[in-house]
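Visitor: How does the following fold in three dimensions:
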Amino acid sequence: MTVSAGSAGWYLRRLSRMGPREVGGRVGDAVRRRRWRSKRPDSPGVTGARFTAVLPAGAIAAVPPDATKRLVAEADRLMAGHAEYFGVARDDLADPDWWYDPKTGRRAPWGYAFDMPYRNEDAVGDIKQIWELSRHQYLTVLAAAYALTGDERYAERVAEHLRSWWTANAPLRGVHWTSGIELGIRLLSWVWVRRLLDGWPGAPVLFEDNPVALRQIWHHQRWLAAFPSRGSSANNHVIAEAAGQFAAACAFGWFPSSTRWRADALRSLERHLRNNTFGSGLNRELATEYHGLVLELGLAALAEADAADVPVPDSVRLVLLRMTDALAAVVDGRLRPPRQGDADDGHGLVVDGAGTDRWASLLATGDAVFGRLDWWPAVTGTDVRTPLLAALIRPTAAAVPRPASRPAHFADAGLTILRGPEGIWCRCDGGPHGFLSIAAHAHADALSVEVRHDGVDVLADPGTYCYHGQPLWRRYFRSTLGHNTLRLDGRDQSVSGGPFLWTRQARSRVLVADTSGEGVARWCAEHDGYRPSVHRRRVELIASQKELRVVDEVRGPRRTVHLAFHLGPAITADLVGNRAVLTWTRDGEDRSAALDLPAQLSWRAHRGESDPPLGWYSAGFGRREPATTLVGTGSTDGAEGFTTVLGFRG
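Guide: Numbering: from 1, shown residues only. Here you go, the predicted model:
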């Protein structure tokens, strides 16, 4: 099924969210694409290129043995041809087809890159499946396995696949030359592949002494310099583009334009890191996985700067420091961050095996680079990436004060964390709908709550599941009904104009955020997405009773109401009337809670329904599983408020 993005109506809606400067820039892009179709210059000749951005002595030896073991196990699976991307198992990685989508069985067409209808799954296949392998992050895993073991089988496989990719993907031909974020992340992977293969005799022949590699690296950087994400699209994509461009211009600085590319990319990176990050340190897209992606990209770029002795503005380190402190502040007791907004399993730099905790790894790197604060949660896991990045990045003392205690309320982001005994963790959402005029990665989730007990999702954010090709599922996972909040008159709080476009956005404001007391933590916020009606929600976490109380009020004319509570996949619910008994197991122990629901509404449990979708949980992109959703139906007539009480049993 074809998504609506790309239709005439979508283009008009998209255009309406752009300012004059962005429109002018995009017109220039269109002219340049047309010119490049008939005039594609070859890369300049390069002689005497040498790679000097190597790891310092001792960096490899600092990798913990258990992290090495996980990495090598992952590398061996890849060598056998096995991997999984977005819930789809692949067994063809020994000799991959770079244009094949294993999910639909389709193969992307050949042709001029900017003619590719990559959003059309019927014509191309699932573009995420096709693009992911060509980020070459599995090659950084293989290269790291070589660096840690000295086994040349890994290096030879990397060389074989890079040569295959370069042959099959000539500059400006095919779907791998259509999206800047893909080119940026691929360049970053190539830098790390070359670095990790430095002890292998074949590395110079593969890269700096290889005209094909030099041509690919030059064309990637030329593309990124010409077509930056701009205006309403200047979100995580532009940071990936700038980080990849900067890394390549530092490590592969062999071309006449390298100095200019490096300077321009650094300016872009500095500006957009600031623009994409609240003063509190949270990412402005309010999509937690993109916080992780941007932080990884920023740290990787900083590593390249320090390795090349390129000065960076103080603001770059400051933003990365604030992002790291913010991450440490919002995670639960098991180091899991909120499941807010879109998530597509995107990573900036991958050199670890399966089973390595992404968020623990970022906090470990933050500790090594910036130093941990006393209130930070303990990190007990190990990883490969931290000692490698720490060997390149120069530790610096913070030039600004850091939080003396663990922040719980992020006023600029409208995010509040309430904490209670036994690992009770509650995220309350009263912030902006999303970032920039299109809020591409936002969900219609104003005033939603997310509740965990010792790391287990009790009231869960269902996740994302998909982007392109499945519009029914995309709409559901972004919808108001798809979150733990209240829907009026069967409509979403914000109006969608496409899979990455919102044409009207609900405005929220936090009225109370009191997390200072040990007895009762309070939060209250409201939004205007159903104007003239206003939805106000109050949340109280009573520590002594291990009880969470949620009160929803609607001010305005009579409206029909749907109040949804999505349970995590580990939760079993027994609903009788307006009371649900919740049970689950954690570390071999039986746990339980009682969920008392508003009696004014008629309650029903839904699980794994497809027409329309309801009762699902997506643990990762491309994966979904049935989970129980409780939905109460009624109206605002005569209702002063709808009170829900979640009580955890001892």
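
Visitor: Let me know the helix or strand that S592 is in.
Guide: Here S592, judged by DSSP states H and E, is contained in strand 589-596.

Visitor: Note down every partner strand of the helix or strand following that strand and its orientation.
Guide: Per DSSP H and E, the first helix or strand lying C-terminal to strand 589-596 is strand 602-607. Paired neighbours of strand 602-607 in the sheet (DSSP bridges): strand 628-635 (antiparallel).

Visitor: can you tell me the average pLDDT over stretch 643-650?
Guide: Averaged over stretch 643-650, pLDDT sits at 93.

Visitor: returning to what we had before: tilt between the strand holding S592 and strand 602-607?
Guide: Per axes from the mean of the first three to the mean of the last three CA atoms, to 10 degrees, the angle that strand 589-596 makes with strand 602-607 is 150 degrees.

Visitor: Need the contact partners of strand 589-596.
Guide: 453-454, 456, 458, 565, 573, 578-585, 630, 644-649 (CB atoms under 8 Å, 6 or more residues apart in numbering). In this view, the C-beta of every residue, glycine as well, is placed from N, C-alpha and C.

Visitor: The spatially closest residue to Y112 that is not a sequence neighbour sits in which helix or strand?
Guide: Spatial nearest neighbour of Y112, chain neighbours left out: R37 (5.6 Å); criterion: CB to CB, 6 or more residues apart in numbering. With elements taken from DSSP H and E, the one containing R37 is helix 20-38.

Visitor: which of the residues in that helix are buried?
Guide: Buried residues in helix 20-38, defined by neighbour count with 16 or more other CB atoms under 10 Å: 22, 25-26, 33, 36.

Visitor: now stretch 596-610
Guide: Residues 596-598, 600-601, 603, 606 are the ones in stretch 596-610 that count as buried (16+ other CB under 10 Å).

Visitor: between those residues, which is closest to T365?
Guide: For the buried residues of stretch 596-610, the residue nearest T365 by CB to CB is H606; the value is 41.0 Å.

Visitor: With adjacent residues omitted, what lies nearest to the closest one?
Guide: Closest residue in space to H606, ignoring its immediate chain neighbours: G615 at 4.0 Å, by CB to CB, 6+ apart.

Visitor: Which pLDDT value belongs to that neighbour?
Guide: 98.

Visitor: That one reaches P626, doesn't it?
Guide: Yes. Between G615 and P626 there is a contact under CB atoms under 8 Å: 6.0 Å.

Visitor: For the two, indicate the residue with more neighbours.
Guide: G615 (19 against 13; other CB atoms under 10 Å).

Visitor: which residues touch the more buried one?
Guide: Contacts were defined as CB under 8 Å, 6+ apart; by that measure G615 touches 605-609, 626-629.

Visitor: Just give the number of residues close to the residue lying closest to P117 once chain neighbours are set aside.
Guide: Spatial nearest neighbour of P117, excluding adjacent residues (CB to CB, 6+ apart): A123 at 4.9 Å. By other CB under 10 Å, 13 other residues sit near A123.

Visitor: where do the strands sit along the stretch 551-650 of the chain?
Guide: Secondary structure of the stretch 551-650 of the chain (DSSP state E, counting those that start in this stretch): strands at 560-566, 572-576, 579-586, 589-596, 602-607, 609-610, 613-614, 616-617, 625-626, 628-635, 642-648.

Visitor: Can I get those in TSV including distance to G202?
Guide: Output for these, formatted as TSV (distance: least, CB to CB, whole Å):
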stretch	distance to G202
strand 560-566	52
strand 572-576	55
strand 579-586	49
strand 589-596	53
strand 602-607	54
strand 609-610	51
strand 613-614	50
strand 616-617	46
strand 625-626	44
strand 628-635	54
strand 642-648	58
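
Visitor: any idea which of those is most buried?
Guide: Greatest average neighbour count among the strands of the stretch 551-650 of the chain goes to strand 616-617 (a mean of 25), per mean count of other CB atoms under 10 Å.

Visitor: Now find how far off-centre that one is within its chain.
Guide: Between the centre of strand 616-617 and the centre of its chain there are 18 Å (CA atoms, centre = their mean, to the nearest Å).

Visitor: ditto for stretch 628-643
Guide: Counting by CA atoms, centre = their mean, stretch 628-643 comes out at 33 Å from the chain centroid.

Visitor: Same check on stretch 60-69?
Guide: Using CA atoms, centre = their mean, the offset of stretch 60-69 from its chain centre is 27 Å.

Visitor: What of stretch 585-599?
Guide: 30 Å.

Visitor: Quick one: list the elements packing against the helix or strand harbouring D306.
Guide: Element membership for D306, per DSSP H and E: helix 288-307. The criterion is 3 or more CB pairs under 8 Å, 6 or more residues apart in numbering; DSSP states H and E, and the helices and strands that helix 288-307 contacts are helix 180-196, helix 236-251, helix 258-275, helix 314-330, helix 358-370, helix 385-392.

Visitor: what's the angle between it and helix 258-275?
Guide: 140 degrees.

Visitor: Now do helix 288-307: distance to the chain's middle.
Guide: Worked out by CA atoms, centre = their mean, helix 288-307 lies 13 Å from the chain centre.

Visitor: What residues of it count as buried?
Guide: Buried positions in helix 288-307, judged by neighbour count with 16+ other CB under 10 Å: 288-307.

Visitor: One more: stretch 370-387?
Guide: Those would be 370, 372-373, 376-377, 379, 381-387, for stretch 370-387 by 16+ other CB under 10 Å.

Visitor: contact partners of that stretch?
Guide: Residues contacting stretch 370-387 (CB under 8 Å, 6+ apart): 59, 62-64, 66-68, 71, 144, 148, 320-321, 324-325, 328, 331, 333, 335, 349, 351-353, 356-357, 360-361, 363-368, 395-398, 402-403, 405-406.

Visitor: Is it possible to mark the buried ones in these?
Guide: 59, 63, 67-68, 71, 144, 148, 320-321, 324-325, 328, 331, 333, 335, 349, 351-353, 356-357, 360-361, 363-368, 406.

Visitor: Flag whichever of the buried residues of stretch 370-387 scores worst on pLDDT.
Guide: Among the buried residues of stretch 370-387, pLDDT bottoms out at G381, giving 91.
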